[in-house]
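Q: build me a model from this:
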Amino acid sequence: MWAASCLASCCAACACDACRTVVSGISRRSARIAYCGLFALSLIVSWILREVAAPLMEKIPWINHFHQTPDREWFETDAVLRVSLGNFLFFTILAIFMIGVKNQKDPRDSIHHGGWMMKIICWCVLVILMFFVPNGIISFYEATSKFGSGLFLLVQVVLLLDFVHGWNDKWVGYDEQFWYMALLVVSLVCYVATFSFSGLLFYLFTPSGHDCGLNTFFITMVLIFVFVFAVITLHPSVSGSLLPASVISLYCMYLCYSGLASEPRDYECNGLHKHSKAVSTSSLGLGLLTTVLSVVYSAVRAGSSTTLLSPPSSPRAGKPLLPLDKADEHHEEEEKSKSRAVTYSYSFFHLIFSLASMYSAMLLTGWSTSVGESGKLVDVGWASVWVRIITSWATAALFIWSLVAPILFPDREF
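A: Reported below is the predicted structural model:
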């Protein structure tokens, strides 16, 4: 007994030392990756509790206070939502606290990049406390998460549009034949992939002998958008590039596939239903991996976007149109030495993780509509289908708007 106690104490001490080593190694440059790692940890905790916490939660009186004990799926969903709520509150508090940070001399800048041991402790405390809140609060958070998930997907679309236009402008800016050929090749590859993808969707989700008009409508709508993108882009008044149009076309087709693949496994028009048992575990892992990658991409873009997230005082927000004289240059150097402006909005950065917490909860719970076999799959159910499809349509609408807005409102800057 004494030996076991000593061994446990040694293990705990080693774990604490390991945590201190990892935390002390987080620098300003790696802080954003550290936040992504913390978010990934929340997904892993949600996944584990989703699988093992149901029997324990059935014995907690303030959670299971019903006259008749609910199904196991209810407790699985409740565990995920409680972890997600703790994660949401953690990043929301940081987002509110970081409002108005404009330069690195602000004391809150060091809080954003440092204090990781305290942050991890606060995160753990918040997650644990969520298992003591009433079920009514969790139900309200569940309903709110559906709207927050939609906002997260919308933010992803806006960041993608910003990235694609920036990619095109960079290659065009080289003004060399090689880069023009690269634009053409990448555009053709994206279009070939888009139409090949559409053929695969027709094969998988519109099987012969079944009335699959809804799936046919979804796929056809995306093909119509692809045609409209090309027509507007090549119009003389727009004089756009095929690269953004081709990339957005492929992304819209992917969203269509993601929506169709989220249809219930017992739906006759879902060509993946024959493999439901074989892909349940892989779907879970793939869904979590996709979520982590999406959040990492959004977070990194939040830290580098020059049009959406940079505060007015940021060096990325703009430079003077006329050269400065020596006195002004000297004054500017002094100002920079005293206070360096932040390069992105810390508040918006944390807000992305808050919305992503809601989105991940909806993925892990099947948008809180999955039961039975579908409850073991990530992102399955009609609610998920419509969210994906509507996101695809919203992506198309935003891209079309980005093309025609400069023509409709020539006096405004877009």
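
Q: going by C-alpha atoms from here, please, whenever you check contacts or count neighbours.
A: Will do.

Q: average pLDDT across the strand or helix carrying Phe91?
A: Secondary structure assigned from DSSP states H and E places Phe91 in helix 72-97. Mean pLDDT, helix 72-97: 90.

Q: packing partners for that helix?
A: helix 31-52, helix 54-57, helix 116-129, helix 135-174, helix 346-364 (3 or more Cα pairs under 8 Å, 6 or more residues apart in numbering; DSSP states H and E).

Q: of all those helices, which one is nearest Arg388?
A: Of all the helices and strands packed on helix 72-97, helix 135-174 sits nearest to Arg388, with 8.8 Å by Cα to Cα.

Q: heading C-terminal from the closest one, find the next helix or strand.
A: Per DSSP H and E, the first helix or strand lying C-terminal to helix 135-174 is helix 177-205.

Q: now that following helix against helix 135-174, angle please.
A: Orientation check (axes from the mean of the first three to the mean of the last three Cα atoms, to 10 degrees): helix 177-205 against helix 135-174 gives 140 degrees.

Q: now do the buried residues in whichever helix or strand comes after helix 177-205.
A: Next along the chain after helix 177-205, taking DSSP H and E as the criterion, comes helix 213-234. Judged by neighbour count (16 or more other Cα atoms under 10 Å), helix 213-234 contains these buried residues: 215, 218-219, 221-223, 225-226, 228-230, 232-233.

Q: same deal with stretch 254-268?
A: 254-265, 268.

Q: show me those residues that map onto helices.
A: Using DSSP state H, the subset of these located in helices is Tyr254, Leu255, Cys256, Tyr257, Ser258, Gly259, Leu260, Ala261.

Q: for Val342, state which of the residues you listed is nearest.
A: Leu255 (34.3 Å).

Q: I figured Phe205 hits Gly271, correct?
A: Yes. With contacts counted by Cα atoms under 8 Å, Phe205 reaches Gly271, the gap being 5.2 Å.

Q: list the contacts for the closest residue in space to Leu242 that isn't next to it in sequence?
A: The shortest distance from Leu242 to any non-neighbouring residue, by Cα to Cα, 6 or more residues apart in numbering, is to Ser187 (6.1 Å). Listed by Cα atoms under 8 Å, 6 or more residues apart in numbering, the contact set of Ser187 reads Leu242, Leu243, Ser246, Val247.

Q: contacting residues around the first one?
A: In this case it means Leu242. For Leu242, the contact set (Cα under 8 Å, 6+ apart) comprises Leu183, Leu184, Ser187, Ala230, Thr233, Leu234.

Q: what about this structure, any weak spots by pLDDT?
A: Counting by pLDDT under 70, the chain has low-confidence residues at 1-29, 273-288, 290-292, 294-295, 298-339, 367-380, 412-414.
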